[in-house]
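Peer 1: Compute the structure for the input listed below.
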Amino acid sequence: MKLGYCRCSTAFQDMLMQIEALKAAGVKEDNIFKEHVSGMKKDRPELKRLLEYAREGDEIVVFKLDRISRSLKHLEELVEEFQNRGIEFISIHEKIDTSTAMGKFFFRMMGSIAELERDIISERTKEQLAAKKKNGIKLGRPAVDKEILKDAFTLYESKRYSVKEITEKFGISRTTFYDYLKNRPAN
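Peer 2: Numbers count the residues shown, from 1 in each chain. I've put the predicted structure just below:
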């Protein structure tokens with residue numbers, strides 16, 4: 001049986017393209033496991049459910065490698081599990097089919113390239129942050145003006161205003177307000 005897996009990082013992203021590609025590859029819509037969660041998270045309930053459901057002789061089909069995992073190690077672990085259980089793995093975009101020797105080789109090569117690309121992006125980001133820091137550019141959110149905080153705390157302590165009203169009035173987020181509230185010096 002062909003089983004599909006679709007994943008988007010957020011609920012705002014659309015997985016229609018992935019679903020259509022899986023259906024074109026012969027996966028019935030009832031056999032597509034769908035979830036909205038970051039690929040970096042280990043806890044992915046639909047992937048877990050797919051792995052529990054899959055049986056020997058099944059094929060697990062994804063649109064792209066990065067939909068099932070973002071780590072080469074995790075991809076290799078999944079493919080090894082599939083091989084041990086007699087399950088084939090197919091990635092449509094990369095044209096990988098682990099039922100063939102070339103498919104297995106290509107899978108490992110593409111996974112390595114994807115991991116290299118992520119590492120390069122990470123290095124570049126770290127270098128840019130270090131350069132900004134070296135040039136005195138302050139990173140993170142700007143500090144909230146002390147007078148604004150003082151006025152916000154006064155309204156908060158009066159218990160006549162909700163946190164929502166206070167944060168909207170002063171143009172700060174709830175999280176920021178609570179952080180400052182939690183860390184303010186005792187009177």
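Peer 1: Please name the nearest non-neighbouring residue to the most centrally placed residue in the chain.
Peer 2: Note on the chain: the residue nearest the mean C-alpha position is S38, at 2.0 Å, using Cα atoms, centre = their mean. Spatial nearest neighbour of S38, excluding adjacent residues (Cβ to Cβ, 6 or more residues apart in numbering): S9 at 5.1 Å. (Each C-beta comes from the backbone N, C-alpha and C, glycine too.)
Peer 1: Against M15, how distant is the one you found?
Peer 2: Using Cβ to Cβ, to the nearest Å, S9 is found at 10 Å from M15.
Peer 1: So these two - more neighbours on which side?
Peer 2: Taking other Cβ atoms under 10 Å, S9 and M15 do not tie; M15 has more neighbours (17 against 14).
Peer 1: which residue packs closest to that one, ignoring adjacent ones?
Peer 2: C6 (4.5 Å).
Peer 1: Check the contact between the one you found and E20; I expect there is one.
Peer 2: No - applying Cβ atoms under 8 Å as the test, C6 and E20 come out as separate, 10.2 Å apart.
Peer 1: Give the other helices and strands that the top helix by length along the chain contacts.
Peer 2: The residue-count maximum for a helix in the chain (DSSP state H) belongs to helix 101-134. With contacts taken as 3 or more Cβ pairs under 8 Å, 6 or more residues apart in numbering; DSSP states H and E, helix 101-134 sits against helix 65-68, helix 72-85, strand 88-91, strand 96-97.
Peer 1: Give the rounded mean pLDDT of the host helix or strand of T154.
Peer 2: T154 is part of helix 146-158, with elements assigned from DSSP states H and E. Helix 146-158 shows a mean pLDDT of 90.
Peer 1: Run through the chain and note the low-pLDDT ranges.
Peer 2: Scanning the chain for pLDDT under 70 picks out the ranges 11, 39, 70, 111, 186-187.
Peer 1: Give me the domain ranges for it.
Peer 2: 2-116, 146-183 (automatic domain parsing).
Peer 1: circling back: could the helices and strands packed on helix 101-134 go into a markdown table alongside distance to D30 and mean neighbour count?
Peer 2: Listed next are the helices and strands packed on helix 101-134 as a markdown table, based on distance: least, Cβ to Cβ, whole Å; neighbours: other Cβ atoms under 10 Å:
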| stretch | distance to D30 | mean neighbour count |
| --- | --- | --- |
| helix 65-68 | 19 | 21 |
| helix 72-85 | 21 | 15 |
| strand 88-91 | 18 | 22 |
| strand 96-97 | 23 | 21 |
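Peer 1: still on that earlier bit, angle of the longest helix of the chain against helix 72-85?
Peer 2: 160 degrees (axes from the mean of the first three to the mean of the last three Cα atoms, to 10 degrees).
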